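dropping a prediction and its sequence here:
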Amino acid sequence: MRRRSTLSKEALASRLAALQRRFIDQLPERMQRLREALCPPAGQEACLSTARALTHGLSGSGGTFGFPEISDAARALSNALQRHDEHHPPEAVQPLLEALQAAVSKALRQGDTTPRPLVERKASAPADAALPVLLISADQALAGELRLKLGHFGYAVRAFDTVAAALGHAGEDSPLALIVDSDFTDDEKGGVQALTEHPFPAPRKPPLVFISARDDFEARLAGVRNGGQAYFTRPVEIPALAATLDTLTERIPPMPPRVLIIEDDENVSRFYAETLDASGVVPTCLTDPTRLAQALSESRPDLILMDLYLPGCDGIELASLIRQQDAYVSIPIVFLSSETAEEQQLLALKSGADDYLTKPVDPTRLVSVICSRARRAGVLREHIDHDSLTGLLNHGRLEERLELELLRSKRLGHPLAFAMIDLDHFKSVNDSHGHAAGDQVLRALARLLQSRLRRTDVAGRYGGEEFALILTDTDGASAQRILEPLRKEFAALSHLADGASFHVSFSCGIADFPTHPDAPSLATAADDALYDAKERGRNRIELAPSPHARPAA
Ligand SMILES: Nc1nc2c(ncn2[C@@H]2O[C@H](COP(=O)(O)OP(=O)(O)OP(=O)(O)O)[C@@H](O)[C@H]2O)c(=O)[nH]1
């Protein structure tokens, strides 16, 4: 599995130091422009709008780069320039300009101030390591079922019937998760509490998952109070439990949250980007608000971090513009500004913003506000965008992704393959083994697709027993070669229902870009190829011919 590389503390410090250096290097030129705007050479007029923009920029960025005196002096000058005629600076401007110059000169002398403290990224569990799990349950049947079925998902379950027995072995097993089957009755409570009250006999206390026959408020609350990070009611849905274990053990690392930074000062924007990047967030910077639509559709952010003052329009207008589009109604927007007036902050929040950070923002606060909001928004979006049975992208989102990936392929001149997969004789699977067994088959295929495809590929549930795949940078023939082993592996997979074992196969149709130039023609061609695969006997993959190919004589 590919992972994002972790930026070391030293590497981040050196990148931030470089940005700070750039900020310092630009100070003389910024001051020169400010002087020209406020005290123009004889025969020229002052230009207060330019001076306001320059002082505003300095007040926002000074503190960010460790020079709060520059921010304070620039803000004082900026305030003095408000409500004055464009070409007539107030008399008080000279001492304020000199105070700013003094702060700037001090920064230039100071030169190499160290950047602020950084936040370290959390290490995650290795992707392919064996995953020991401890189970505490007095129910032998449940223990046997979990051992067998979680074993299919790569977990080695070791079961104990009491907390004391499990704790006795936890030191040697170093489990990555602990599953406790409990009904939180008075008898048992002592045992469950022992988990939280006694030091865990391993270097790291593993995440705790409760399984219970109870689904009432008191039992769920007891689960939370005893440190449970997940709660399942019996009968346990094993794939859902396995998916939760995957997340808690970080076997499948969560997608890093994406943040779009809209800030016209490139230096400041890069500072936020570097700080967030070091905390596991994927930042995209936008300095020109007129390119907002493209940035939103390409970066698909979980959160927008936006300056309140931007060239051409202000942040409040931009937030309203974003909120007026259905697709972006739920994206959290956090404003950043050196504006401390409460009235202005309230206005920003009224326009649809979710939070307001005052510049200069301490990097630790920036990371904590942005990461927690972006992660929660990401989880919410995962639920909205994904099919609840298989966890794959739903039909609507898959179509959006196809449009987006096509745009990218066109721009880069790369091929793209679109594949449609349909389970064979699935009606008879449901009829013979029951709908629940049919659902298990759908999940098994989804899991196989997720585990075998590259992270850049996209898998979705197109409809009932139909799936679709987008394989980027891949032509049709290569896609066929990639999917052939998957087809064989799936057909060889044994499914179990009521003690009986059975097999299911799938048929697949593939079409590619640029042979088929747009989303509708790709989908139609892949669907036709799928129909051919069914006609030719099922359990096979067909590649759509080029629409320009001459039919065989
Ligand atoms: N278990 C389960 N079955 C589903 C789901 N969605 C659709 N199906 C079933 O999938 C079956 C599709 O049947 P058909 O379209 O007749 O096709 P088929 O039996 O797969 O036959 P071929 O596609 O021709 O090989 C129907 O019985 C649907 O009820 C689902 O979410 N769960």
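All right, it came through fine. Residues are numbered from 1 along each chain as shown.

what's the next secondary structure element after the strand or helix carrying Pro132?
Assessed by DSSP states H and E, Pro132 sits inside strand 131-136. Sequence order places helix 140-152 as the next helix or strand after strand 131-136, per DSSP H and E.

partners of the helix or strand that that following helix is followed by in the sheet?
Once helix 140-152 ends, the next helix or strand along the chain (criterion: DSSP H and E) is strand 155-160. Taking DSSP bridges as the criterion, strand 155-160 forms sheet pairs with strand 131-136 (parallel).

gap between the strand it pairs with and the chain center?
Strand 131-136 sits 29 Å away from the centroid of its parent chain (CA atoms, centre = their mean, to the nearest Å).

state the mean pLDDT of it.
Averaged across strand 131-136, pLDDT comes to 90.

follow-up on the earlier one: can you give the contact residues for the strand holding Pro132?
With contact meaning CB atoms under 8 Å, 6 or more residues apart in numbering, strand 131-136 is reached by 125, 143, 146-147, 150, 154-163, 165-166, 169-170, 173-182, 191, 206, 245, 249, 251. Placement of C-beta: from N, CA and C, glycine included.

which among those residues end up buried?
Buried subset of those (neighbour count, 16 or more other CB atoms under 10 Å): 143, 146-147, 150, 155, 157, 159-160, 163, 166, 170, 173, 175-182, 191, 206, 245, 249, 251.

give me the number of residues near Glu218?
For Glu218, the neighbour count with other CB atoms under 10 Å is 9.

how is it assigned, secondary-structure-wise?
helix (DSSP: H, G, I helix; E, B strand; the rest coil).

what helix or strand is the residue nearest to it when sequence neighbours are not counted on?
Leaving aside its sequence neighbours, Glu218 sits nearest to Phe184 (CB to CB, 6 or more residues apart in numbering; 7.3 Å). Of the helices and strands defined by DSSP H and E, none includes Phe184.

what about Phe184, how many residues close to it?
Number of residues near Phe184 (other CB under 10 Å) recorded here: 20.

any idea how many residues pack against the residue lying closest to Arg538 once chain neighbours are set aside?
Distances taken as CB to CB, 6+ apart place Asp424 nearest to Arg538, at 4.2 Å, with adjacent residues excluded. Counted by other CB under 10 Å, the residues lying close to Asp424 total 18.

please name the residues that touch Asp424.
504-507, 534, 538-539.

need the buried ones from those selected in PyMOL.
Those of the contacts of Asp424 that count as buried under 16+ other CB under 10 Å are selected in PyMOL with:
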select buried, resi 504+505+506+507+539
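
can I get the contacts of Asp424 in TSV including pLDDT, distance to Ser269 and secondary structure?
Shown next, in TSV, are the contacts of Asp424 (pLDDT from 0 to 100; distance: CB to CB, whole Å; DSSP: H, G, I helix; E, B strand; the rest coil):
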residue	pLDDT	distance to Ser269	secondary structure
Val504	96	51	coil
Ser505	97	52	coil
Phe506	97	47	strand
Ser507	98	49	strand
Lys534	97	52	helix
Arg538	96	54	coil
Asn539	97	53	coil
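
give me the subset of the contacts of Asp424 that also touch the ligand.
534, 538 (CB under 6 Å from any ligand atom).

now for the contacts of Asp424: which two are most distant?
Val504 and Lys534 (14.3 Å; CB to CB).

what about the stretch 201-350 of the chain, any weak spots by pLDDT?
Within the stretch 201-350 of the chain, the set of residues satisfying pLDDT under 70 comprises 251-255, 339-340.

distance of the closest residue to the ligand within it relative to Phe467?
Closest contact between the stretch 201-350 of the chain and the ligand, by CB to the nearest ligand atom, is at Pro239 (13.3 Å). Distance of Pro239 to Phe467, given as CB to CB, to the nearest Å: 16 Å.

looking at those two, which one has more neighbours?
For Pro239 versus Phe467, the count of surrounding residues by other CB under 10 Å is larger for Phe467: 24 against 20.

leaving out sequence neighbours, find the closest residue to that one.
Spatial nearest neighbour of Phe467, excluding adjacent residues (CB to CB, 6+ apart): Ile421 at 4.3 Å.

need phi/psi at that neighbour.
Torsion angles at Ile421 (phi, psi; degrees, to the nearest 10) stand at phi -120, psi 140.

next, the contact list for His495, please.
By CB under 8 Å, 6+ apart, His495 lies in contact with 433, 437, 440-441, 444, 501-504.

what's the spacing between it and the ligand?
12 Å (CB to the nearest ligand atom, to the nearest Å).

likewise Gln440?
Here Gln440 is placed at a distance of 8 Å from the ligand (CB to the nearest ligand atom).

now swap in Arg373 and tell me
For Arg373, the distance to the ligand - CB to the nearest ligand atom - is 34 Å.

that residue in helix, strand or coil?
Going by three-state DSSP: Arg373 is helix.

spatially nearest residue to it, not counting backbone neighbours?
Once flanking residues are discounted, Arg373 sits nearest to Pro332: 4.9 Å by CB to CB, 6+ apart.

burial of that neighbour, as a residue count?
Neighbours of Pro332 under the rule other CB under 10 Å: 21.

I'd assumed Tyr356 was in contact with it.
No - Pro332 is not in contact with Tyr356 according to CB atoms under 8 Å; the separation is 11.9 Å.

pretty sure Ala533 is in a strand, no?
No - the assignment for Ala533 (three-state DSSP) gives helix, which keeps it out of a strand.

gap between it and the ligand?
In this view, Ala533 and the ligand are 10 Å apart by CB to the nearest ligand atom.

can you pull the contacts of that residue?
Shown in contact with Ala533 (CB under 8 Å, 6+ apart): 507-509, 540-542.

among those residues, which ones are in strands?
507-509, 541-542 (DSSP state E).

run the chain-centre distance for the longest helix seen in the chain.
When the chain is parsed with DSSP state H, its longest helix is helix 9-38. Its chain's C-alpha centre and that of helix 9-38 lie 31 Å apart, by CA atoms, centre = their mean.

ok, stretch 405-422 next?
Distance, centroid of stretch 405-422 to centroid of chain: 22 Å (CA atoms, centre = their mean).

can you give me the strands for the stretch 151-300 of the chain?
155-160, 177-181, 208-212, 228-233, 258-262, 282-286 (DSSP state E, counting those that start in this stretch).

need these in a markdown table (columns: distance to the ligand).
Below are the strands of the stretch 151-300 of the chain laid out as a markdown table (distance: least, CB to the nearest ligand atom, whole Å):
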| stretch | distance to the ligand |
| --- | --- |
| strand 155-160 | 25 |
| strand 177-181 | 27 |
| strand 208-212 | 25 |
| strand 228-233 | 21 |
| strand 258-262 | 30 |
| strand 282-286 | 33 |
